[in-house]
Each structure stands twice: as C-alpha cells, then as structure tokens.
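1. The following comprises the amino acid sequence and a computationally predicted model.
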Amino acid sequence: MVKADIAVYDHLRSTDPDNDTIYRVVGTDAESVTLLCVSDRGGRRANTGEVRTVAREELASFAPAENPDGNRGLVGTVRSALSGGYWSLRNTVRELVTNPIPSAVAVAAVIVGSVAGGPLPEAASIGLRFAGIFALAYIGSGRR
C-alpha cells in the first residue's frame, strides 16, 4: 500500500505479478498522481517515455519501490557516462561553431593569456586566460 503523502520523485512498483514495472511520481494533485515509467517489466532501468495518470484510489495497486537507477551494472554505468560526455562535448562544439566571433575572441584571450613572458604582467595573463576559459564555457553552454 502506498503512503498517503506521496510526493514527486517517489518510486512505485506495480503489484501486478505479471508486470514488475517501476514508476517515478512526476506530478500530484488532490485527485490523481502522474507517473513516469522508469523500468522494464523486470524492474531494470529503462527510458520508456510512458506517462500514466492514476486516481489516488488506484494507488492501492502500487507499492513503494527503490529507484531503479541503482541496478545498472558497471558496463552500463560506464557506457552511460561516456555517452553523456560525448553528447555534452558535441553540443559544446556546436554552440562554439554557431557563435564564431565570441568563440574566436575567447580563444584569443586564452592564447594571449597563456603566452609565457608576454607583454602583460603575470596577474593580467592569468586573469585573461581564466576569462577566456569561462567565456568558452559560457558560449559552449548555449545560455544566452
């Protein structure tokens, strides 16, 4: 039986013996609860995209459950991290290419700040280098 004070991000498991699916609570109101399916029928983490809204009375057919993110093996965890890193880097490069002038100015600041023994005092070189790096991170993030 599900607790009465169910909240967003709680996890529920279907009590149907043929369907061991886990759902994450993504919305609540006085009459219903909106659930996102976050596992396959065996309880393993899955991105199904299935969203259900159930009446609070129907919650009797669910039981509290653990977050299925913890049941991913080492290979799956490493694969997910590498995939996320790839897509993050790809998006950053795309944003930098989309904004060539600000990106070129930021790269120039990093290069000028990195030149050893250049015309600038050491503190100015360090400041220029960090400003360029932060500018690249800002531009690459896509926040404008």
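-> Perfect, I can see it now.

2. Run through the helices of this protein in chain order.
-> Using DSSP state H, the helices of the chain run over residues 74-98, 100-114, 122-141.

3. From Asn91, how far off is the residue sitting nearest the centre point of the chain?
-> With distances taken as C-alpha atoms, centre = their mean, Gly84 lies nearest the centre of the chain, 8.6 Å away. Gly84 is 11 Å from Asn91, where distance means C-beta to C-beta, to the nearest Å. For the C-beta atoms, the positions are set from N, CA and C on the backbone; glycine is no exception.

4. circling back to that earlier point, contacting residues for the residue nearest to the centre of the chain?
-> Neighbour list for Gly84: empty [criterion: C-beta atoms under 8 Å, 6 or more residues apart in numbering].

5. so where's this protein uncertain?
-> 1-4, 70-73, 144 (pLDDT under 70).

6. Outline the domain layout of it.
-> Annotated domains of the chain cover 11-70, 73-141 [automatic domain parsing].

7. and the ones you listed, which is most packed in?
-> domain 11-70 (a mean of 15; mean count of other C-beta atoms under 10 Å).

8. Distance from the chain centre to that one, please.
-> How far domain 11-70 lies from its chain's middle: 20 Å, per C-alpha atoms, centre = their mean, to the nearest Å.
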